[in-house]
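Fold the stuff below for me.
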Amino acid sequence: MAPRANWKGFLRLSLVTCPVALYPATSESEKISFNQLNRQTGHRIKYLKVDADTGDEVPNEDIVKGYQIEKDQFIEVTKEELEEVALESTRTIEIDEFVDKSDIDPRYLIRPYYLRPDGKVGHDAFAVIRETIREMNKVAIGRVVLTSREHIIALEPMDKGLVGTLLRYPYEVEQEYFDEIQDVKVTKDMLDLARHIVNQKAGRFEPEKFEDQYESALIELINQKRAGKTITPKERPRGENVVDLMDALRKSVGGAAAETRAEKPAKKAKKRAAGQKEMLMPIEGKKPVKEATAKKPTGRSQRKSA
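Numbers count the residues shown, from 1 in each chain. Sure, this is the predicted structure:
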């Protein structure tokens, strides 16, 4: 199935314009998710939209947005009124300026999107904008409206397309969390030992080396329960207070050295064509995922497990 665009409109640099589409660059659809159940019946919990005072269910067509000004006092705002304040960025990403990537504080980053030409026209203009950003080694800053809100978006070249990262506004970034941290004098000996540990563990960031251990543990838990096995809780890791910091650093240096000597080649996460959930044990009476796709169905009804 072709990916569905989250937004379609135009990318504009001065008088150069091209139609583009915005697609999500990340997805959590393969993560394990749970439903809420009634413990007594095993049935799913269903949520209803009800009037807070009468308790009556309210149909979607009778639900409007409201801004609370005082307790139990709201200003209603209709869909038509919201459309009246639509900005140009609703349909156009206008590049306002170019900045160095190092200028963007990581706290302002929200989520990435892929940006590519929409349709068969505009590829030339898109390429001009993309290669200009690449040649200048800059990040293009513009604005776009997603989910009824205007966002700042930072555009960078990636292969033949662009990656657009939504940015927060200053009022969305919390400040002054570090005021109560004590000023501590760190000695040169401590820094030297800490640097030694860092050098022993230095490497390159390769995402494929990492596995979502919590997701794997959830899959193992579900498979054990489906197989009727008894679940035994694992011992939780315990954190210990550091009494002598220099002693802890020295022991860490020795531990890191031993770990480096015994280190095996990094085990890459398993490559899964159908996603993380393919690791789940097949339902009784059904073929495993890969085998089932290779053979034609026999037409025989299969029992669904409870």
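
wait, residue 144 sits on residue 8?
No. At 11.0 Å, residue 144 and residue 8 do not qualify as touching, with contact defined as CB atoms under 8 Å. In short, each C-beta sits where N, CA and C put it, glycine included.

Show me the common contact partners of these two, please.
Shared contacts of residue 144 and residue 8, defined by CB atoms under 8 Å, 6 or more residues apart in numbering, comprise residue 22.

neighbour count winner among the two?
For residue 144 versus residue 8, the count of surrounding residues by other CB atoms under 10 Å is larger for residue 144: 26 against 12.

and that one, what is it in contact with?
Neighbour list for residue 144: 7, 9, 22, 89, 93, 150-151, 153, 164, 166 [criterion: CB under 8 Å, 6+ apart].

again, 7 Å this time
7, 89, 93, 151, 153 (CB atoms under 7 Å, 6 or more residues apart in numbering).

is it fair to say it lies in a helix?
No. Applying DSSP: H, G, I helix; E, B strand; the rest coil, one finds residue 144 to be strand, outside a helix.

Roughly how far does it sit from residue 218?
35 Å (CB to CB, to the nearest Å).

And for residue 127, the neighbour number?
13.

doesn't residue 45 make contact with residue 38?
Yes. Between residue 38 and residue 45 there is a contact under CB atoms under 7 Å: 6.4 Å.

Find residues that contact each of these two.
Taking CB under 7 Å, 6+ apart as the contact criterion, no residue touches both residue 38 and residue 45.

So, low pLDDT: which residues of the stretch 201-306 of the chain?
Low-confidence segments of the stretch 201-306 of the chain (pLDDT under 70): 237-243, 256-306.

ok, 80 please
Scanning the stretch 201-306 of the chain for pLDDT under 80 picks out 233-246, 248-249, 253-306.

The nearest residue to residue 121 once chain neighbours are set aside: what secondary structure?
Nearest residue to residue 121, sequence neighbours excluded (CB to CB, 6 or more residues apart in numbering): residue 19, at 6.8 Å. Under three-state DSSP, the three-state class of residue 19 is strand.

Report the contact partners of residue 19.
Residue 19 makes contact with 10, 117-119, 121-122, according to CB under 7 Å, 6+ apart.

and if you look at residue 206?
Residue 206 touches nothing, counting by CB under 7 Å, 6+ apart.

and the gap between it and residue 198?
Using CB to CB, one gets 18 Å for the distance from residue 206 to residue 198.

and what of residue 116?
Distance of residue 116 to residue 198, given as CB to CB: 39 Å.

Mind checking which of those two has more residues around it?
More neighbours surround residue 116 than the other of residue 116 and residue 198, with 15 against 10 (other CB under 10 Å).

For that one, pull up the helix or strand it's in.
strand 109-117 (DSSP states H and E).

what's downstream of that strand, the next helix or strand?
helix 123-136.

in that following helix, what counts as buried?
Buried positions in helix 123-136, judged by neighbour count with 16 or more other CB atoms under 10 Å: 125-126, 129-130, 132-133.

hmm, back to that, next, format the contacts of residue 19 as JSON lines and append neighbour count.
Output for the contacts of residue 19, formatted as JSON lines (neighbours: other CB atoms under 10 Å):
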{"residue": "10", "neighbour count": "16"}
{"residue": "117", "neighbour count": "21"}
{"residue": "118", "neighbour count": "19"}
{"residue": "119", "neighbour count": "11"}
{"residue": "121", "neighbour count": "11"}
{"residue": "122", "neighbour count": "18"}
